[in-house]
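Curious how this folds, go ahead:
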Amino acid sequence: MWVVKIGGSLMADPALPEWLDLLAKLGGGRVTIVCGGGGLADEVRRTQALWQFNDLAAHNMAVLAMVQTGYQLHAMNPALQLAASKAEIAGVLHKGRAAIWLPFELQRDAPDARTNWDATSDTIALDLAHELNAERLVVIKSCEIDRSQTLAQLGAAGVLDESFQGGARGAAFPIEVMAKHELPRMRALLLGGLRDLDG
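Residues are numbered from 1 along each chain as shown. Below you'll find the predicted structure:
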């Protein structure tokens, strides 16, 4: 099973439908999509900065932003099936479909290590990959990705969030960070022919 995180910055990007089509066609039975919160999460940040309310409330609001973008992706490509829990993810994959995770279960009544902005949807996707014993995590970004950089360097550059490197250390699965224009690379990865693509 693979976890594929689609960055929130792609939620209004012309490349998004092609990514969804690829994951629906080649990801059936093995891909679970985690959505970034996009502009909805940005609005949570803006509102928190304005009113100075606590990170617990902001976390719960940002989780709902991820839920909303999940509904968006499903509306754009109904072949991708919604799953509101880890048990539902297993059911979707068992039916041979690709899943979109609606992370309602991440809402909290009290603060914990994840109820802050150091851990964004990048780290949430990484956590899910650990919990589901994923075979691979792929993080799709709208920006260019320097393949010579480590995950720590990508975090320092702001490409990944501050908590990601700590969670990635010792991961039992490969982690791939891709730019939005690398659709052919993702297709080759799903088809098992990435070695040929890399030459």
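
tell me the contacts of the closest residue to Asp161 other than its chain neighbours?
Take Asp161 and drop its neighbours on the chain: the residue closest to it by C-beta to C-beta, 6 or more residues apart in numbering is Thr120, 4.2 Å away. Backbone N, C-alpha and C define where each C-beta goes, glycine included. Applying C-beta atoms under 8 Å, 6 or more residues apart in numbering to Thr120 gives the contacts Gly36, Gly37, Ala41, Ala62, Asp161.

The fourth one - how many residues pack around it?
Taking other C-beta atoms under 10 Å as the neighbour definition, Ala62 ends up with a count of 28.

before we move on, what about the first one?
Gly36 sits with 26 neighbouring residues when counted by other C-beta under 10 Å.

Quick one: residues contacting it.
Applying C-beta under 8 Å, 6+ apart, the residues contacting Gly36 are Lys5, Ile6, Gly7, Gly8, Ser9, Leu10, Met11, Met66, Thr69, Thr120, Ser121, Asp122.

Could you list which residues are in contact with the third one?
Contact partners of Gly7, counting by C-beta under 8 Å, 6+ apart, are Gly36, Ser121, Val139, Ile140, Lys141, Ser142.

surely the second one meets Met66?
Meaning Ser121. Yes: assessed by C-beta atoms under 8 Å, Ser121 is found in contact with Met66 at 5.8 Å.

what do those two both touch?
Residues touching both Ser121 and Met66 (C-beta under 8 Å, 6+ apart) are Val34, Cys35, Gly36, Gly37, Ala41.
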